[in-house]
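Q: Build me a model from this:
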Amino acid sequence: MTSSARTLTERWASLALAIFSAGVLVFLVAPILAILPLSVNDSAFLTYPLRGFSTRWYEAVFASDKWRLAVQNSFLIGLPATLVATVLGTMAAIGLSLADFRGKGIVTAMMLSPLVVPIVIVAVALYFFFAPLGLTQSYTGLIIAHAALGSPFVVVTVGAALASFDRNLARAAAGLGAPPLVVFQRIMLPLLRPGVISGALFAFALSLDEVVTVLLLGAPHQRTIPREMFSGLRDSLNPSIAVVATLLTVLAVFLLLVIEWLRVRNERLRRREGRVSG
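A: A predicted model of the protein is given here:
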């Protein structure tokens, strides 16, 4: 095959790949984008075609006591759960990275099991475990449950950051007499901070989106945003649900942008560290 023929084939292959990738992207994003116009629909139902443009459903959501309570409960549960998941996940990731012991693979698999085990099974198991302890229908139980579900994300992101961490920096600091806590605060944490923050954002997003454990463990007055949406889908299909879905989509995009910014910042820190080491 001549060079020109090979170049033409590569161009057609690149074009076909671009078209296929665009089709997959549209397939994945179209259902999300389809719900956005319904939030400004003048109709009282979630239907197409749109009757007209109106912001009355946004006004209804912001003036609603039940949605205000749902937002309050989501943050009241999500923020402490994120804090607990971040601390425990970071400690677990550092321990798994630095320590070498028999059964390490099994321990890692158990820590990451909430990522692969169906959420219904986890929620039922938590219910039977929490019921004798009096933690069902309590904020404490929901915070612990969401922290347990979010901590694997922190383990994964911090573990990925630790994979490129230069342990010689910690050894040098320890050799100069720095205590382990000072080494962690001054050396490890600044370099791991992008991974820690990314894991915390994933944990918070999971808590904000989780509904199954809230249905099984939560009390009637502990309705979160997804539980309120679930109830609204059963009882009243009006565009207020589309409004909340739009706001959650905007929040998710913002979190993804923050994570991408952290990724770029982490790459810059690695390149800077490499130039200093060289």
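
Q: What is the burial count for the closest residue in space to residue 67 that isn't next to it in sequence?
A: Leaving out its chain neighbours, the residue that sits closest to residue 67 by CB to CB, 6 or more residues apart in numbering is residue 61, at 5.1 Å. All C-beta spots, glycine's among them, are computed from the backbone N, C-alpha and C. Counted with other CB atoms under 10 Å, residues neighbouring residue 61 total 22.

Q: my read: residue 61 touches residue 246, true?
A: No - the criterion here is CB atoms under 8 Å, and residue 61 misses it with residue 246 at 9.9 Å.

Q: returning to what we had before: tell me what the one helix or strand the residue nearest to residue 67 maps to is packed against?
A: Assigned by DSSP states H and E, residue 61 belongs to helix 56-63. Where contact means 3 or more CB pairs under 8 Å, 6 or more residues apart in numbering; DSSP states H and E, helix 56-63 is packed against helix 240-277.

Q: buried sites along the helix it packs on?
A: Using 16 or more other CB atoms under 10 Å as the burial criterion, the residues of helix 240-277 that qualify are 240-248, 255, 259, 262, 266, 269-270.

Q: what stretches of the stretch 51-200 of the chain score poorly on pLDDT?
A: Applying pLDDT under 70 to the stretch 51-200 of the chain picks out no residues at all.

Q: the helices in it, which residues?
A: Shown for the stretch 51-200 of the chain, the helices assigned by DSSP state H, counting those that start in this stretch span residues 56-63, 65-98, 104-112, 119-130, 139-163, 167-175, 180-183, 189-209.

Q: spatially speaking, which residue is in the middle of the chain?
A: residue 202 (2.3 Å; CA atoms, centre = their mean).
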